[in-house]
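Enquirer: need the 3D shape of this:
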Amino acid sequence: MKVTHEDQEYLRSLLWLNVKYQETYNEVYDHVLTAIEEQPDTNVSKPQAFDAIINSDFGGIGTLAQLEAERAKIVSSNIRKKQWQYQLSYFKLPLLLFTVLLAGSMYYAADVISRKTILIIVLSVGFSPTIIVALRGMIRFFNRKHQKPSIKDKVIEQIGCLSMSLFNLFIFLPPLFVSDDNYKFFKQAHASLIAVTALFFFIYSLSFIRLYRDEFKMQLAS
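Expert: Presented below is the predicted three-dimensional model:
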């Protein structure tokens, strides 16, 4: 069956109203167009033909939300596992050498340079994932009329924003466990604790950047 521009617009509108993520939109749109072009010409209208294909191959337009939810769980699990593997790689050769050197450098720096400078360094590193996803979110905001949210974007945003939440814990949580109400972690904590904290945020941020680069390189390639 020959598909006209008007038919394509109808299918786009149908899917735009009934799917949440761009991945689902692209997959169903391409699948339906390919399937209908392979069918012989009949008296069946294109909207009816579209519905028939969606019903037979996807279980109906109403089940797309359930399929999306299942896919989102799988994608989220895979991405988070990859991030965890990237983090663990810094404790295995050859990156273990970098980790040891970084930990030693931060321990030395915590005793030599001002704690305010250490705070600025850790703050910059720790917030870098949040800044990256915020910039990407701004780009997606201006493209929201032409592109739906991505499952990958949602998961990456959650991972990126988590670094900011974790940093806030290091600022506001320690005073709850000491008698000094004015306790400042980055100012008063032992150098070893500062080194471990800095190391954590360096590894988290570097792992995130590797994850971000890989996931969206794969998205471009596909």
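Enquirer: so who does the spatially most central residue of the chain touch?
Expert: The chain has residue 156 as the residue nearest its centroid, 0.9 Å off, counting by C-alpha atoms, centre = their mean. Contacts for residue 156 were tallied using C-beta atoms under 8 Å, 6 or more residues apart in numbering; they are 79, 133, 136, 211, 212, 215. For the C-beta atoms, the positions are set from N, CA and C on the backbone; glycine is no exception.
Enquirer: summarise which helices and strands the host helix or strand of residue 82 is packed against.
Expert: Here residue 82 sits within helix 64-89, counting by DSSP states H and E. Helices and strands touching helix 64-89, by 3 or more C-beta pairs under 8 Å, 6 or more residues apart in numbering; DSSP states H and E, are helix 22-37, helix 46-58, helix 151-172, helix 191-221.
Enquirer: to residue 143, which of the ones you listed lies closest?
Expert: When the helices and strands packed on helix 64-89 are ranked by proximity to residue 143, the top entry is helix 22-37, at 10.2 Å, counting by C-beta to C-beta.
Enquirer: which parts of the closest one are buried?
Expert: Of the residues in helix 22-37, those buried by neighbour count under the rule 16 or more other C-beta atoms under 10 Å are 22, 23, 24, 25, 26, 27, 28, 29, 32, 33, 35, 36.
Enquirer: now do the contacts for the fifth one.
Expert: Residue 26 is in contact with no residue at all, counting by C-beta under 8 Å, 6+ apart.
Enquirer: thinking again about what came up before, now do the helix holding residue 82 against helix 22-37: the angle between them, please.
Expert: Orientation of helix 64-89 against helix 22-37 (axes from the mean of the first three to the mean of the last three C-alpha atoms, to 10 degrees) gives an angle of 130 degrees.
Enquirer: can you name the element that comes right after helix 64-89?
Expert: helix 95-112.
Enquirer: what residues sit buried inside the next helix or strand along the chain from that following helix?
Expert: Heading C-terminal from helix 95-112, the first helix or strand you meet, by DSSP H and E, is helix 115-142. Residues of helix 115-142 classed as buried by neighbour count (16+ other C-beta under 10 Å): 115, 118-119, 121-122, 125-130, 132-133, 136, 140.
Enquirer: mind listing what's buried in stretch 80-91?
Expert: By neighbour count with 16+ other C-beta under 10 Å, stretch 80-91 contains the buried residues 83, 86, 87, 89, 90.
Enquirer: got it, and stretch 156-163?
Expert: Taking 16+ other C-beta under 10 Å as the neighbour-count basis, stretch 156-163 is seen to contain the buried residues 156, 157, 159, 160, 163.
Enquirer: can you redo those as JSON lines with pLDDT and distance to residue 149?
Expert: As requested, those are exported to JSON lines (pLDDT from 0 to 100; distance: C-beta to C-beta, whole Å):
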{"residue": "156", "pLDDT": "96", "distance to residue 149": "11"}
{"residue": "157", "pLDDT": "95", "distance to residue 149": "9"}
{"residue": "159", "pLDDT": "96", "distance to residue 149": "15"}
{"residue": "160", "pLDDT": "95", "distance to residue 149": "15"}
{"residue": "163", "pLDDT": "91", "distance to residue 149": "21"}
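Enquirer: and which of those residues is nearest residue 110?
Expert: Distance from residue 110 was checked for each of these by C-beta to C-beta. The minimum falls on residue 163, at 20.3 Å.
Enquirer: how near is the residue lying closest to that closest one once chain neighbours are set aside to residue 190?
Expert: In space, residue 163 comes closest to residue 129 once its chain neighbours are excluded; the distance is 4.6 Å by C-beta to C-beta, 6 or more residues apart in numbering. As for residue 129, its distance to residue 190 is 27 Å (criterion: C-beta to C-beta, to the nearest Å).
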